[in-house]
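Engineer: Below is the structure, and that's it, no one-letter string:
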């Protein structure tokens, strides 16, 4: 998976508080969602989520990262929408 996709998956898990709920929303397997978050945490060298058998919570570092991630993802959606409104279809 690419970097932006991993960030989007992390944001979905953080917002829903559940890997399974994020997987359903993203139409992916829970294993794929878990793998994406693990790849992101490995790349960053920091734990973003605390996992227990009953709950998922965002760490302090995860909260800081989530705030920036949400801004970046919103900007990306805006850029894509603006591009889609311009010119002709490919």
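Structural biologist: Structure's in. What do you need? Note that the structure is predicted; figures quoted are calculated from it, not measured.
Engineer: What about residue 83, how many residues nearby?
Structural biologist: 9 (other Cβ atoms under 10 Å). C-beta coordinates here come from the backbone N, C-alpha and C atoms, glycine included.
Engineer: which stretches of the protein have low pLDDT?
Structural biologist: Counting by pLDDT under 70, the chain contains low-confidence ranges at 1, 87-90.
Engineer: For residue 16, which residues are in contact?
Structural biologist: 22, 25 (Cβ atoms under 8 Å, 6 or more residues apart in numbering).
Engineer: May I see the buried residues of the strand or helix carrying residue 21?
Structural biologist: Taking DSSP states H and E as the criterion, residue 21 maps to helix 19-26. Applying a neighbour-count criterion of 16 or more other Cβ atoms under 10 Å, one finds 19, 21, 22, 23, 26 buried in helix 19-26.
Engineer: so residue 76 touches residue 7, yeah?
Structural biologist: No. Counting by Cβ atoms under 8 Å, residue 76 sits too far from residue 7 to count as a contact (9.6 Å).
Engineer: So which of these two has more stuff around it?
Structural biologist: Of the pair residue 76 and residue 7, residue 7 is the one with more neighbours under other Cβ under 10 Å, namely 22 against 13.
Engineer: could I get the buried residues of helix 19-26 as CSV with distance to residue 66?
Structural biologist: Shown next, in CSV, are these (distance: Cβ to Cβ, whole Å):
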residue, distance to residue 66
19, 15
21, 16
22, 13
23, 18
26, 16
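Engineer: ok, these vs residue 53, which is closest?
Structural biologist: Distance to residue 53, by Cβ to Cβ, is smallest for residue 19 among the buried residues of helix 19-26, at 11.8 Å.
Engineer: For the closest one, give me its contacts.
Structural biologist: Contacts of residue 19 by Cβ under 8 Å, 6+ apart are 13, 30, 33, 34, 37, 51, 56.
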